[in-house]
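Participant: how would this look folded up:
(3 chains)
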Amino acid sequence: MPELPEVETTCRGIAPHITGKKVKQIIIRNTRLRYPIPESLTNNLTGQTIHQVTRRGKYILLHTDAGVAIIHLGMSGTLRIIESGIDAEKHDHVDIIFDHKKCLRLRDPRRFGCLLWTQTDPQQHKLLKSLGPEPLSDDFNENYIYKLTRKRSVAVKQFVMNSHIVVGVGNIYTSEALFQAGINPTRPVNKISLKSCKKLSTAIKDVLSRAITQGGTTLRDFYNGEGKPGYFQQQLSVYGRESQPCHHCNTPILKIQQGQRATYYCKQCQR
DNA sequence: AGAGGTACCTGGCAGC
DNA sequence: TGCTGCCAGGTACCTC
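Facilitator: Residues are numbered from 1 along each chain as shown, chains lettered A, B, ... in the order given. Sure thing, here's the model as predicted:
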């Protein structure tokens, strides 16, 4: 489910409710996420005060004096704030219960997400260490893209989706950004000019920013920290629009397969 | 080093 | 109604 806008929306949704609050109890109903939830999490996080909620790529970090909880929502995870005491449903794997009777509940049907604990710098954690730059930062620009693409022949769609190149841009927003940039998703990256790299970085920033403003994209099951859906799906130009007319030229939108993932594009507008 | 495939897991839906 | 197969927003890890 979540790409960067959804994770950012989740962070913004939960932060005001848990920042400065003390963890009273942690209930783990199922430790079997992508990586097993470590015992060190319960042992160390209980009794700690969350002093900051931050995001790195699609990872959500809960900072305390004792260490940092690292959360990834995978394909189907949600984090929401509820009143403590509400019955858990089938895929509600973890409750972090706070002093003020609020509960941060992690639900993840497909269990592709994770919940880890680190006592050292989270940026140096194995999972975060080699991530690419944040797409909305100045480090992510046409020169960066141009330099990294010269010796690669992979399709631009797969290049953009690689988190070691740039974080947070998943299947939906890659298709959308490539449409906005007018670039065919199958184009080998080393065939893209500096000028097109500029269009690409600009489009990625624009699509992500607009999606964050809309509270993310809810296709089936994304809800923010307060249980509300996102609205960006109403503005999708190509994603999920196979055979429907392109908003710009009326040509039917194509759906193809790239690296086992669906790609949507307009062959007329994207060259 | 880069590219491609596989694995993890469940739910929803189309088709029979 | 019920079964089967396919698809889904992610990404680490393996091999070539």
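
Participant: got the residues of the stretch 151-271 of chain A near DNA strand B?
Facilitator: With CB under 7 Å from any atom of the strand as the criterion, the stretch 151-271 of chain A meets DNA strand B at residues A:151-155, A:158-159, A:220, A:259-260. Yep, even glycine has a C-beta here, placed from its N, CA and C like the rest.

Participant: return the set of buried residues in stretch A:33-43.
Facilitator: For stretch A:33-43, a neighbour-count test (16 or more other CB atoms under 10 Å) marks A:33, A:37, A:41-42 as buried.

Participant: same list, these, but as a markdown table with distance to DNA strand C please.
Facilitator: Shown next, in a markdown table, are those (distance: CB to the nearest atom of the strand, whole Å):
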| residue | distance to DNA strand C |
| --- | --- |
| A:33 | 10 |
| A:37 | 16 |
| A:41 | 18 |
| A:42 | 23 |
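
Participant: of all these, which comes closest to DNA strand B?
Facilitator: Closest to DNA strand B out of the buried residues of stretch A:33-43 is residue A:33 (8.6 Å), distances taken as CB to the nearest atom of the strand.

Participant: for residue A:66, what are its contacts?
Facilitator: A:44-45, A:48, A:119 (CB atoms under 8 Å, 6 or more residues apart in numbering).

Participant: drop anything exposed from the residues you listed.
Facilitator: Going by neighbour count (16+ other CB under 10 Å), those have A:44-45, A:48 buried.

Participant: which one of those sits closest to DNA strand B?
Facilitator: Using CB to the nearest atom of the strand, the buried ones among the contacts of residue A:66 come closest to DNA strand B at residue A:45, 24.0 Å.

Participant: what ranges does chain A have for its helices?
Facilitator: A:4-18, A:39-45, A:126-129, A:142-149, A:156-160, A:171-181, A:194-213 (DSSP state H).

Participant: helices or strands up against the longest one?
Facilitator: Okay, so that is helix A:194-213. helix A:4-18, helix A:142-149, helix A:156-160, helix A:171-181 (3 or more CB pairs under 8 Å, 6 or more residues apart in numbering; DSSP states H and E).

Participant: DNA strand C contacts on the stretch 1-150 of chain A?
Facilitator: So the stretch 1-150 of chain A meets DNA strand C at A:1-3, A:6, A:34, A:57-58, A:72, A:74-75, A:110, A:112, A:126-127 (CB under 7 Å from any atom of the strand).

Participant: could you list which of those also contact DNA strand B?
Facilitator: Within those, those near DNA strand B by CB under 7 Å from any atom of the strand are A:34, A:110, A:112.

Participant: list the contacts for the second one?
Facilitator: Translated: residue A:110. By CB under 8 Å, 6+ apart, the contact set of residue A:110 is A:74-76.

Participant: reformat the residues you listed as TSV; add pLDDT and neighbour count.
Facilitator: Shown next, in TSV, are the contacts of residue A:110 (pLDDT from 0 to 100; neighbours: other CB atoms under 10 Å):
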residue	pLDDT	neighbour count
A:74	94	18
A:75	91	14
A:76	93	18
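
Participant: mind putting the residues you listed in TSV, distance to residue A:23 included?
Facilitator: Listed next are those as TSV, based on distance: CB to CB, whole Å:
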residue	distance to residue A:23
A:74	23
A:75	27
A:76	25
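
Participant: closest one of these to residue A:199?
Facilitator: Closest approach between the contacts of residue A:110 and residue A:199, by CB to CB: residue A:75, at 29.1 Å.

Participant: quick check: phi and psi on the closest one?
Facilitator: phi -90, psi -30 (degrees, to the nearest 10).

Participant: contacts only, for the closest residue to it other than its chain neighbours.
Facilitator: Nearest non-adjacent residue to residue A:75, counting by CB to CB, 6 or more residues apart in numbering: residue A:112, 4.8 Å away. When contacts are counted by CB under 8 Å, 6+ apart, residue A:112 touches A:33-34, A:74-77.

Participant: if we go to 10 Å?
Facilitator: Counting by CB atoms under 10 Å, 6 or more residues apart in numbering, residue A:112 makes contact with A:1, A:33-34, A:72-77.

Participant: one more: residue A:79?
Facilitator: A:2, A:7, A:10-11, A:13-14, A:18, A:60, A:71, A:73, A:94, A:96, A:104-108, A:113, A:115, A:223-225.

Participant: cool, residue A:67 as well?
Facilitator: Residue A:67 neighbours (CB under 10 Å, 6+ apart): A:40-41, A:44-45, A:48, A:117-120, A:122.
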